[in-house]
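*Asks:* Just the structure for this:
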Amino acid sequence: MHSRQRLMPSIDKKRPLQGKVAFIAGASGGINLAIGRALANAGARIAVVSRSQERIAKAARDLVADGHEAIGLVADVRDYGPVESALAQTVERFGNIDIVVSGAAGNFLAPAMGMSANAFRTVVEIDLIGTFNVLRAAFPYLRRPGASLISITAPQGTTPSMFQAHACAAKAGINMLTKCLAMEWGPAGVRVNAISPGPIAETVGMAKLAPTAELEAQAKQRIPLRDYGTKDDVANLALFLASDLASYVTGAILNCDGGVSLGDASADAIDISHAVPERANGPDRLKADGSKPAEP
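*Replies:* Have a look, this model is predicted:
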C-alpha cells in the first residue's frame, strides 16, 4: 500500500516533468515522437524506442540537438527480450522509469476475407502483444509509487469498422488490458491509462484514409469540431496523464478525436427551428426558439 499524499509535490508549471524519466515505444516518428518531444520539453529525460535503427537514431539526435537528454534504442515490441533489454539500458542511463508510453502500431485496410491469417496476426502482435510486452516488461523498472503508463489505442477499440477487423480486435484488447492493469497495479501506486487519437493531421493513417483534398473535406464534415486534430493535441493529453495533475486518474480511455467517436456529425444541426414543430399544449405552447407563437 502507498499514500497518495506522497504523490502530490508542488508542480513546476513550466517543466512539470523535471527530473523524470520516460520510455516511449514506437517513437521514431508521428504521434509517439510528438509525445516524446512534449515530455522532453516538460523536463523529462527520454528513451525513444523503435525497431528501425536508422529512424530511431535520427529521432534521438533531433531531441539532443534541441537541448534534451535523450537516447535512441532498438527493439521490436513483438519480442519481449529486446524490449526488456531496452528498459534496462534506460534505467542504467537515467535511473528508474516514471513514464511509459506504448504506441507501436500497424494497420491497413482489408476485408476479413481478403486478409491472410498472418496479416491479422501481425497487427495483433504489434498492437496488442506489443503493448503487453512493453507494459509488463516495464513494471520492475518503474519508480513506485507514482509511475504513469500510457497505451495508445484508437477509436476502432470501441467502434466496429469495415475493413478493420484486425485493428478493431487489437485495439479493443489494448483498452481492456489497460483497465485490467490499472486494477492490478493501482495498489502499487502505478496508474495505467490510454489515449485514443481520432483523425490526426499529417499522419500515415489519415493520408491513407483521405488522400485527396475532396476526401479530406468529406472526412472533416463528419467530425463535430469540423477539423483534424494535431499531433500536439495528443501529446498535450499525454503530458497531462504523465504529470501529477492526473494523479487520481487511472483505467481511463481518453478520446482525442474532435468528437468523432460520438458518431457522424455531418448534418448541420445548429439551426433546427425549421424541423421542430410548435408545442401545441394550450396557451403556453412554445416555438423551437423558446418564444410563444402569436395568438390567432
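*Asks:* Can you give me the pLDDT of the closest residue to Phe132 other than its chain neighbours?
*Replies:* Here the nearest residue to Phe132 in space, its sequence neighbours aside, is Leu177; by CB to CB, 6 or more residues apart in numbering that works out to 6.1 Å. Backbone N, C-alpha and C define where each C-beta goes, glycine included. What the model reports as pLDDT for Leu177 is 98.
*Asks:* element containing Leu177, please.
*Replies:* Counting by DSSP states H and E, the secondary-structure element that holds Leu177 is helix 165-185.
*Asks:* Could you list every helix and strand in contact with that helix?
*Replies:* With contacts defined as 3 or more CB pairs under 8 Å, 6 or more residues apart in numbering; DSSP states H and E, the secondary structure elements packing on helix 165-185 are helix 117-124, helix 130-138, strand 148-152, strand 191-197, strand 253-256.
*Asks:* Contacts for it, please.
*Replies:* Judged by CB atoms under 8 Å, 6 or more residues apart in numbering, the contacts made with helix 165-185 from elsewhere in the structure are 107, 110, 112, 115, 119-120, 123-124, 126-128, 131-132, 135, 139, 149, 151, 153-161, 191-194, 196, 250-251, 253.
*Asks:* Also stretch 251-267?
*Replies:* Applying CB under 8 Å, 6+ apart, the contact partners of stretch 251-267 are 153, 155, 157-159, 175, 178-179, 182-183, 186, 192-199, 221-229, 233-234, 237, 241.
*Asks:* Can you tell me which of the contacts of helix 165-185 are buried?
*Replies:* Among the contacts of helix 165-185, those that count as buried by neighbour count (16 or more other CB atoms under 10 Å) are 107, 110, 115, 120, 123-124, 126-128, 131-132, 135, 139, 149, 151, 153-157, 159, 191-194, 196, 250, 253.
*Asks:* Name the residues of stretch 58-72 that come out as buried.
*Replies:* Burial within stretch 58-72, assessed by neighbour count using 16+ other CB under 10 Å, is assigned to 59-60, 62-63, 68, 70-72.
*Asks:* could you give me the average pLDDT of that stretch?
*Replies:* For stretch 58-72, the per-residue pLDDT averages 98.
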